[in-house]
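# test case, fold it:
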Amino acid sequence: MNISLQYCHVTVHDVDEALPFYRDALGLTVRNDVAGGGHRWVTLGSDSRPGAEIVLSDPHAGRSEQDGNAMQELLAKGVLPMTIFTTDDVDALFEHIRATGAEVLQEPIDQPWGPRDCAFRDPSGNMVRINQAAS
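Numbering: from 1, shown residues only. Coordinates of the predicted model:
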C-alpha cells in the first residue's frame with residue numbers, strides 16, 4: 001500500500017494578494033482556481049513534484065462563521081503552521097524571492113541539524129521556509 005501527500009491548505013487573508021508570492025516568487029504553477037459562495041480556492045503545484053499541491057484560501061472558505069473568525073485571529077497573530085519547501089539551490093532561490101520584495105525572516109544558513117535553509121513571510125504573515133539538504 002502506498003500513501004502520499006496530495007494537498008496542503010494554506011490560509012491567507014486575500015488569495016489575490018498571496019498569489020504572486022506563491023506563483024511568481026516561489027515559482028509554483030496554478031493548477032486550479034475555483035470560486036464559490038464568495039470565496040476562492042487556488043491550487044498550485046510544482047513540475048518537480050506533480051502529485052503534491054497547496055491550496056490557498058481565505059479563513060472563512062469552507063468554514064462556519066465562528067471557525068472562520070477563529071482562523072482569522074490565528075492568521076493575524078502569525079501562529080498558523082509554517083510551510084516548508086525544498087530546493088536544490090537555496091541560495092539562488094533566496095535571491096530570486098528576495099528580489100520580488102518578499103519579507104525576509106532569515107537569510108540562508110547552515111543549520112546544525114543538517115539542511116541549509118532560509119525563511120520568508122508571505123503577504124498574510126505565514127512563515128515559509130525553504131531548505132536544501134546538506135551535501
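# quick one, helices of this structure?
15-20, 65-77, 90-99 (DSSP state H).
# now render those helices as a markdown table, adding mean pLDDT and distance to residue 45.
Where you see a C-beta, it was placed from the backbone N, CA and C, and this is true even at glycine. Listed next are the helices of the chain as a markdown table, based on pLDDT from 0 to 100; distance: least, C-beta to C-beta, whole Å:
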| stretch | mean pLDDT | distance to residue 45 |
| --- | --- | --- |
| helix 15-20 | 97 | 14 |
| helix 65-77 | 95 | 23 |
| helix 90-99 | 97 | 17 |
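# okay if I get the ones you listed as a markdown table plus mean neighbour count?
Listed next are the helices of the chain as a markdown table, based on neighbours: other C-beta atoms under 10 Å:
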| stretch | mean neighbour count |
| --- | --- |
| helix 15-20 | 17 |
| helix 65-77 | 13 |
| helix 90-99 | 16 |
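# out of these, nearest to residue 36?
Among these, the nearest to residue 36 by C-beta to C-beta is helix 15-20 (12.6 Å).
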